[in-house]
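Peer 1: Any chance you can model this:
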Amino acid sequence: MTSSPSDTGKLLNLALESGMVDPKIIRVNKIVLGEWVRWKCRYGCPDYGLWLKCPPHSPTPTETRVLLGEYRRALLFHIKPESGYTGTHVVGNVYKALSDLERKIFLNGYRKALAFGGGECDLCETCCVESGACRNQQVARPSMEACGIDVFETARKAGYKLTILNNKDVPFMWIGMVLID
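Peer 2: Next up, the predicted model:
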């Protein structure tokens, strides 16, 4: 599908109608990857290895780089948790909104639409890591960080002003992304 002003407007409207905040279309070459990002998960996250959408179960930066090579554009946005966040955990309503947006974009003719979330998964109290089969496969999406995407630098390149929070109990804006075409 070719990019046109009406095409861009349609995608931005789909995001806004889905509750996303300040959506932007970016070129995929603006997405920043780094091996160090997964190392931060491995040596810094107390949930490392506990969720299927996080390392070591998630795609590697190398796999993500190959995937990004098949796309030209992505939709990047903020999404506010509607209710109930504790520290860095986001309630499942965010993942439902993200998967719904991916579906809307797909149904509007973008067959390659693929969504990515942020942070760890809170869809289930405990994950089925041992079986390797997600109970919420229709809603769960991989974490950008888990796949090696430097969310801060990618968001900055898109014009967002992000700051590192000094207190994990402060409300935050969550970043999501849908690869488009």
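
Peer 1: Can you give me every residue that contacts the nearest residue to residue 8 once chain neighbours are set aside?
Peer 2: The shortest distance from residue 8 to any residue other than its chain neighbours is 5.4 Å, reached at residue 25 (CB to CB, 6 or more residues apart in numbering). Just so you know, the C-beta spots here come from the backbone N, C-alpha and C atoms, and that holds for glycine as well. Residue 25 makes contact with 3, 8, 11, 12, 73, 74, 75, 76, 180, according to CB atoms under 8 Å, 6 or more residues apart in numbering.

Peer 1: And the next helix or strand past the helix or strand that contains residue 25?
Peer 2: Residue 25 is part of strand 21-27, with elements assigned from DSSP states H and E. Per DSSP H and E, strand 21-27 leads on to helix 35-42 as the next helix or strand towards the C-terminus.

Peer 1: ok, and what's touching the helix or strand following that next one?
Peer 2: Downstream of helix 35-42, the first helix or strand assigned by DSSP H and E is helix 61-68. For helix 61-68, contacts defined as CB under 8 Å, 6+ apart pick out 28, 31, 33-35, 37-38, 59, 114, 147-149, 179.

Peer 1: go with 7 Å
Peer 2: Residues from elsewhere that reach helix 61-68, judged by CB atoms under 7 Å, 6 or more residues apart in numbering: 28, 31, 33, 34, 35, 38, 147, 148, 149.

Peer 1: Touching, the last one and residue 30? I think so.
Peer 2: By that I understand residue 149. No: Residue 149 is beyond contact range of residue 30, at 11.1 Å (criterion: CB atoms under 7 Å).

Peer 1: Which one of these two is surrounded by more residues?
Peer 2: Neighbour count, other CB atoms under 10 Å: between residue 149 and residue 30, residue 149 has more, with 25 against 16.

Peer 1: center of this protein - which residue?
Peer 2: Geometric centre of the chain, nearest residue: residue 117, 2.4 Å, by CA atoms, centre = their mean.

Peer 1: longest helix anywhere in this protein?
Peer 2: For the chain, the helix with the greatest residue count under DSSP state H is helix 93-107.

Peer 1: Let's test this: mean pLDDT of it, rounded?
Peer 2: Mean pLDDT, helix 93-107: 91.

Peer 1: and what of stretch 115-130?
Peer 2: 85.

Peer 1: How about it, which residues are buried there?
Peer 2: Within stretch 115-130, the residues scored as buried using 16 or more other CB atoms under 10 Å are 115, 116, 117, 118, 119, 120, 121, 122, 123, 127.

Peer 1: Output it as CSV, restricted to C-alpha atoms.
Peer 2: Provided in CSV are the C-alpha atoms of stretch 115-130 (Å, rounded to 0.1, in the frame of the first residue of the first chain):
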residue,chain,number,x,y,z
ALA,A,115,1.6,-4.6,17.2
PHE,A,116,4.3,-4.3,20.0
GLY,A,117,3.7,-3.4,23.6
GLY,A,118,6.0,-2.2,26.2
GLY,A,119,7.2,-3.6,29.5
GLU,A,120,6.3,-6.9,31.0
CYS,A,121,2.9,-8.7,30.5
ASP,A,122,0.2,-8.5,33.2
LEU,A,123,-2.5,-10.4,31.3
CYS,A,124,-2.3,-13.4,33.6
GLU,A,125,-1.3,-13.7,37.2
THR,A,126,1.2,-16.3,36.2
CYS,A,127,2.5,-17.2,32.8
CYS,A,128,2.5,-20.6,31.1
VAL,A,129,6.2,-20.4,30.4
GLU,A,130,6.7,-24.1,30.9
